[in-house]
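Student: here is the input, now give the coordinates:
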Amino acid sequence: MKKKLFYYTALFMTLLACSDDFTQITPVGALADEALANETGVDLLLTGAYSLLDGIRNNQGADDWAVAGDNWWFDVLSDDAHKGSTDGDQPDLYSLEIYDWATANSYIFGKWNGLYAGVNRANAVISLIGFTEGDFNGKLAEARFLRGHYNFELQKIYGNPAFISVDNYAATEFNQPNTGPIWDLIEADFQFAIDNLPISQEDAGRPTSWTAKAFMGKTHLYQAEWAPALALLNDVINNGPYALNAEFLDNFNAPGENGPESVFAIQFAADAGQSFNGNRGGTLNSPGGGPIESCCGFYQPTQDLVNAFETDGSGLPLLDTYNNDDIVNDAAVNTSEVAYDADTKKYDPSLDTFVAETAPLDPRLDYTAGRRKIDFNGWGANPGKVWVRATFEDLSGPYLAKKNFYQAGEDVNRGTGAWGEQRPGINYNIMRFADVLLMAAEAAIETGDLATALDYVNRVRNRAKNMTYVQARGPGDEIIAGTPAANYQIEPYPAFAGQDFARKAVRFERRLELGMEGHRLFDLRRWGVAQQTMNEYADNEARTIPNFGQKFKTYEPRHDLLPIPLNAIDLSGGVLTQNPGF
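Tutor: The predicted model follows:
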């Protein structure tokens, strides 16, 4: 179900009236309940609930990128990504990156606001079905799955959200206290979805009972409830309809959309003119210049993330020593004037004297981070600084994001906006099968089943080993078929030498496989290692960006959750309470 019809006139309005007669009149521009109490009305409201997966709506109270459904800016709060662009562009996000947090930050409020809009739209469907004649159990299960998803996001991000029930919604009693975790209520929604969704759907993008099982497994995983998590995820792996794509790249291009690896995805779509159905939340995240003179140079991979892809000569990652040295980069090195013609914008990598890393590398690196002299999504070799908007003094580094940018010749995913920005139509996988395998591996390790964990991790690694590698570019920037762009070496683990090693391996694998997909910060938090990891990262990253450590504050325990937005607390009249430390 590709996202369509994002924008609606408000379907429900709360009015203050001066007389009883006035309250009997349906306001102009609104639809009365009886007009919606049919199959068409249920479908319209359910479509509206799906449309909030990307957070975008009219009067959303924040910029598109603050409410983004792909969670890209949460990677900026981790060791995976820099904000990118110049330090002064989007100062609220810059403050978040350096851990100088304020409870009035527009990103913190925008995400909160967008997720609660999703909860309310799901509640609108649930409420309408409650007084609509007919069998809408399947639609009700979809709405409850969506409400479970929105509440899961609120729970993992803020830790202490308020729960808005359908009764609260119907009574317009939205001002509810945030008295603690809402895991049990999330589980109730996912369980209803498991019990009442079909095992398959005609429309791509709608959840099935298998989708709901995977999300319930993740819910248990986030609570360290390992046995029930493993049981559910094993069921999805062994009996469900999912499989790894043969090509890693198919998770990030048009041919692979809604393929066997996609468990649940935001159905973005580019279209003629302004792409309202494209990824508006990611519109800042194209190269700042680049092959199509795009905007705006945000969301740049860190040196720390790039370093993680070096392997040890036997095809295994450097779990403990990956950050001892840096993979060769072109930080503070301008684009070669000999190799790059500024007038024609043609680049000949064979004339560029910069020498890229020759050590063995995991081949997923060059589908994740754009490096100098390496092919950038089929658009040609990356010439370096001329495609990076930031200056050498900004906290951005030399790398470009690749998973979110469409492939050359893939016009179906090439979307535009009002001021020339890109709104890609690439689906965002909220969950894909590789994630399910690695979550199950994690749960298996914690229950002592190292054999199952090894199997699941190696399935992911073997896909990376056997996929098509990024190819080298020669004189004239043509592809040299059959010649890998780097010294790619990756192999499966022969064995796990105990639980501690296995735990370290699966956590590392999640970063290699899912880097720049919005998961890293939440993994670090739930593992209880965010404070140590982030403060060490700040020191290490300063080797590539010398002033990084001077600007980065300290990651403190309070940063394990976002604060409850000050605006939300003020609007609640003090009903909402702040998270500790803010």
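
Student: which one's the longest helix in this protein?
Tutor: helix 106-130 (DSSP state H).

Student: next helix or strand past that one?
Tutor: helix 137-158 (DSSP states H and E).

Student: please tell me how far the residue nearest to residue 36 when sequence neighbours are not counted sits from residue 145.
Tutor: Nearest non-adjacent residue to residue 36, counting by CB to CB, 6 or more residues apart in numbering: residue 128, 5.8 Å away. Every residue, glycine included, has its C-beta placed from N, CA and C. Distance of residue 128 to residue 145, given as CB to CB, to the nearest Å: 16 Å.

Student: may I have stretch 353-368 as PDB, with CA atoms only?
Tutor: The C-alpha trace of stretch 353-368 is given here as PDB (Å, rounded to 0.1, in the frame of the first residue of the first chain):
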ATOM      1  CA  THR A 353      46.700  10.700  -6.100                       C
ATOM      2  CA  PHE A 354      44.600  10.000  -2.900                       C
ATOM      3  CA  VAL A 355      45.100   6.300  -2.000                       C
ATOM      4  CA  ALA A 356      42.100   4.700  -0.300                       C
ATOM      5  CA  GLU A 357      42.300   2.000   2.300                       C
ATOM      6  CA  THR A 358      44.000  -1.200   1.200                       C
ATOM      7  CA  ALA A 359      43.400  -3.300   4.400                       C
ATOM      8  CA  PRO A 360      40.700  -6.000   4.300                       C
ATOM      9  CA  LEU A 361      37.200  -4.600   4.600                       C
ATOM     10  CA  ASP A 362      33.700  -5.800   5.100                       C
ATOM     11  CA  PRO A 363      32.000  -5.200   1.700                       C
ATOM     12  CA  ARG A 364      28.900  -3.700   3.400                       C
ATOM     13  CA  LEU A 365      31.000  -0.600   4.100                       C
ATOM     14  CA  ASP A 366      30.700   0.700   0.600                       C
ATOM     15  CA  TYR A 367      26.900   0.200   0.600                       C
ATOM     16  CA  THR A 368      26.700   2.200   3.800                       C
END
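
Student: still on that earlier bit, for the longest helix of the chain, buried residues please.
Tutor: By neighbour count on 16 or more other CB atoms under 10 Å, the buried set for helix 106-130 is 106-129.

Student: ditto for stretch 191-210
Tutor: Per 16+ other CB under 10 Å, stretch 191-210 contains these buried residues: 191-194, 196-197, 201, 205-210.

Student: show me where pLDDT drops low in the chain?
Tutor: Along the chain, the parts satisfying pLDDT under 70 run over 1-33.

Student: can you map out the strands along this protein?
Tutor: Applying DSSP state E to the chain gives strands spanning 81-84, 262-266, 298-301, 340-341, 346-347, 369-370, 400-401, 428-432, 471-473, 479-484.

Student: wait, which of the ones you listed is closest to residue 44?
Tutor: Nearest to residue 44, of all the strands of the chain, is strand 262-266, at 19.3 Å by CB to CB.

Student: for the closest one, which helices and strands make contact with it?
Tutor: Applying 3 or more CB pairs under 8 Å, 6 or more residues apart in numbering; DSSP states H and E, one finds that strand 262-266 makes contact with helix 209-222, strand 428-432, helix 433-446.

Student: who does it pair up with?
Tutor: Using DSSP bridges, strand 262-266 pairs in its sheet with strand 428-432 (antiparallel).

Student: ok, residues contacting the partner strand?
Tutor: By CB atoms under 8 Å, 6 or more residues apart in numbering, the residues outside strand 428-432 that reach it are 53-54, 69-70, 149, 211, 214-215, 218, 251, 261-266, 268, 279, 435, 517.

Student: what about 6 Å?
Tutor: Identification of contacts with strand 428-432 by CB atoms under 6 Å, 6 or more residues apart in numbering yields 70, 251, 261, 262, 263, 264, 265, 266.

Student: if you count neighbours, what's buried in that strand?
Tutor: By neighbour count on 16+ other CB under 10 Å, the buried set for strand 428-432 is 428, 429, 430, 431, 432.

Student: return the set of residues that bridge with the second one.
Tutor: By that I understand residue 429. Residue 429 has these beta-bridge partners by DSSP bridges: residue 265.

Student: closest to residue 355 out of the strands of the chain?
Tutor: Closest approach to residue 355 among those (CB to CB): strand 471-473, 13.6 Å.

Student: how far does that closest one sit from the chain's center?
Tutor: 28 Å (CA atoms, centre = their mean, to the nearest Å).

Student: helices and strands around it, which ones?
Tutor: strand 479-484 (3 or more CB pairs under 6 Å, 6 or more residues apart in numbering; DSSP states H and E).

Student: what's the spacing between residue 144 and residue 188?
Tutor: Note on residue 144: its distance to residue 188, by CB to CB, is 8 Å.

Student: these two: which has the busier surroundings?
Tutor: Using other CB atoms under 10 Å, the more surrounded residue of residue 144 and residue 188 is residue 144, with 25 against 14.

Student: excluding chain neighbours, what is closest to the more buried one?
Tutor: residue 189 (4.4 Å).

Student: thinking again about what came up before, let's have the buried residues of strand 428-432 in a markdown table, adding distance to residue 81.
Tutor: Below are the buried residues of strand 428-432 laid out as a markdown table (distance: CB to CB, whole Å):
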| residue | distance to residue 81 |
| --- | --- |
| 428 | 15 |
| 429 | 17 |
| 430 | 18 |
| 431 | 20 |
| 432 | 19 |
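
Student: relative to residue 399, which of these is nearest.
Tutor: residue 428 (20.2 Å).

Student: go ahead and confirm the residue nearest to residue 144 touches residue 150.
Tutor: No: in this structure residue 189 lies outside contact range of residue 150 using CB atoms under 6 Å: 9.6 Å.

Student: would you confirm that residue 121 contacts residue 50?
Tutor: No: look at residue 121 against residue 50 with CB under 6 Å: they stay out of range, at 8.6 Å.

Student: relative to residue 70, how far out is residue 284?
Tutor: Distance of residue 284 to residue 70, given as CB to CB: 12 Å.

Student: re the thing from before, can you lay out the strands of the chain as TSV showing distance to residue 521?
Tutor: As requested, the strands of the chain are exported to TSV (distance: least, CB to CB, whole Å):
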stretch	distance to residue 521
strand 81-84	10
strand 262-266	19
strand 298-301	14
strand 340-341	35
strand 346-347	34
strand 369-370	18
strand 400-401	16
strand 428-432	15
strand 471-473	33
strand 479-484	32
